[in-house]
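In: Okay, predicted coordinates and the sequence, questions at the end:
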Amino acid sequence: MRLYSLSVLYKGDPKVHLLKAAYDVSTFNFFQRSSVQEFMTFTSQLIAERSALGSRASVKEQEYLCHVYVRNDGLAGVVIADNEYPQRVCFTLLDKVLDEFSRQVSKMDWPSGSPATISYSALDGYLSKYQNPRDADPMTRVQAELDETKIILARKQNSCCEIM
């Protein structure tokens with residue numbers, strides 16, 4: 001399970017533009033990293049542009065899943081992850097990031113903002129924290145512990161049946 005990109009965009013009247021983004025391209029070949037990052041930026045903008053205000057969606061693009069949340073105020077977030085990453089955790093992350101972003105960055109800066117002019121540095125931290133959904137999300141952690149408990153109980157039940 002892996003997150004590759006976390007982007008905050010603004011969906012204005014003429015088009016969508018990137019406000020801030022964080023990328024983890026460390027698993028890609030060194031010479032491919034810049035083109036992979038460009039692909040992720042382009043895909044994030046395209047998906048946000050095609051999504052309606054107030055909507056959430058998950059879109060499969062090659063071997064990745066792109067999760068988008070566009071708020072009614074035009075602020076949008078996109079997470080690009082692998083197919084195994086839990087969808088619920090992605091949308092929880094997007095909710096958290098967009099709420100924090102809207103509190104820290106003035107709404108007046110959104111229409112004209114760019115990655116160079118927007119001062120919001122939390123995306124890299126969120127991207128690294130959420131690499132393991134079990135550590136970042138309490139519900140995922142509880143579900144994983146429950147699954148482990150089921151396996152242990154099943155093994156004990158099988159071993160008890162073998163002894164008899």
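Out: Cool, got the structure.
In: Pull out the buried residues from the helix or strand encompassing Phe39.
Out: Using DSSP states H and E, the element containing Phe39 is helix 33-50. Buried positions in helix 33-50, judged by neighbour count with 16 or more other Cβ atoms under 10 Å: 36-37, 39-41, 43-48. Placement of C-beta: from N, CA and C, glycine included.
In: Next: stretch 127-134.
Out: For stretch 127-134, the neighbour count (16+ other Cβ under 10 Å) marks 127, 130, 133-134 as buried.
In: With just CA atoms, put that stretch into CSV.
Out: C-alpha atoms of stretch 127-134 as CSV (Å, rounded to 0.1, in the frame of the first residue of the first chain):
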residue,chain,number,x,y,z
LEU,A,127,2.0,12.1,2.8
SER,A,128,4.7,10.4,4.9
LYS,A,129,2.4,9.9,7.9
TYR,A,130,-0.3,8.2,5.8
GLN,A,131,2.0,5.9,3.9
ASN,A,132,0.9,3.2,6.4
PRO,A,133,-2.8,3.5,6.8
ARG,A,134,-2.8,1.3,9.9
